[in-house]
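> kindly generate the corresponding structure for this input.
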Amino acid sequence: MAKLQVAIDLLTTEEALALAGKVAPYVDIIELGTPLIKNMGVSVITAMKSAHPDKIVFADLKTADAGELEADIAFKAGADLVTVLGVAGNATIVGAVKAAKAHGKGVVVDTIGAPDRVARAKEVAALGVEFVELHAGLDEQWTPGYSIQVLIDEAATAETPVSIAGGVNLQNVQAVIKAGAKVAVAGAAIYAAQDPAAAAKALREAIDAAN
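Prediction:
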């Protein structure tokens, strides 16, 4: 069964907890965005896991170096999953995976910025990661001509467990799942909605219908 991940790209612990409280009934994974963690520190991870112990708390560290150390910090704070950049060296990913195994947690490789996301996904799949995120970041999404269809097409050829992040919304989420993504990552489609709970519920229902 495919999972729904909410990407919380807000900047304070209070805002993040308020949003999570509204959408928790409909999401499987609560992602704490990189700017949020940078702004609030790892205490936001602890606060979110304490508030939602039944959810997978995803710390979007985007680690580029010191993989084992950074992952260990986040896991000790309560994270269940952390991200390492796919453009980082394999040693960084391996280090993070080592920390994950020590804590019984997991690592996700984020392909943001990778020149060939599919090729890198296939390379890192053998390093012990949970899955690979095919990710078009906000700056890429704002580039004229961008379409999430490129990620959907990539997921269909990745031949390894992937998530998709880069403009997932109600209009395309079923195509995301049908392409083989095990996780659909929705950010603005939820947190910028007039009614985030209703938006999350609609996405949840669409995902379940596509499975």
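> which one's the longest strand in this structure?
If you go by DSSP state E, the chain has its longest strand at strand 56-63.
> how far does stretch 58-73 sit from the chain's center?
14 Å (C-alpha atoms, centre = their mean, to the nearest Å).
> what about dumping the CA coordinates of that stretch to CSV?
Extracted C-alpha coordinates of stretch 58-73, given in CSV (Å, rounded to 0.1, in the frame of the first residue of the first chain):
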residue,chain,number,x,y,z
PHE,A,58,11.1,12.0,8.4
ALA,A,59,14.0,14.5,9.0
ASP,A,60,14.9,16.0,5.7
LEU,A,61,18.5,16.7,6.6
LYS,A,62,19.8,16.6,3.0
THR,A,63,23.1,15.5,4.4
ALA,A,64,26.1,16.0,2.1
ASP,A,65,28.9,14.9,4.4
ALA,A,66,29.5,13.4,7.8
GLY,A,67,26.6,10.9,7.1
GLU,A,68,27.0,8.7,10.2
LEU,A,69,27.3,11.7,12.6
GLU,A,70,24.4,13.7,11.2
ALA,A,71,22.1,10.7,11.0
ASP,A,72,23.0,9.6,14.5
ILE,A,73,22.0,13.1,15.8
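> mind listing what's buried in that stretch?
By 16 or more other C-beta atoms under 10 Å, the buried positions in stretch 58-73 come out as 58-63, 67-68, 70-73. Yep, even glycine has a C-beta here, placed from its N, CA and C like the rest.
> what's the longest strand of the chain packed up against?
In this structure, strand 56-63 packs against strand 3-8, strand 29-32, helix 34-40, helix 43-51, helix 67-77, strand 81-85, strand 106-110, with contacts taken as 3 or more C-beta pairs under 8 Å, 6 or more residues apart in numbering; DSSP states H and E.
> note down every partner strand of that strand and its orientation.
strand 29-32 (parallel), strand 81-85 (parallel) (DSSP bridges).
> pipe these into CSV and attach distance to residue 173 and mean pLDDT per row.
What follows is the strands paired with strand 56-63, written out as CSV (distance: least, C-beta to C-beta, whole Å; pLDDT from 0 to 100):
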stretch, distance to residue 173, mean pLDDT
strand 29-32, 14, 98
strand 81-85, 20, 98
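> and these as CSV, adding distance to residue 129?
Listed next are the strands paired with strand 56-63 as CSV, based on distance: least, C-beta to C-beta, whole Å:
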stretch, distance to residue 129
strand 29-32, 15
strand 81-85, 8
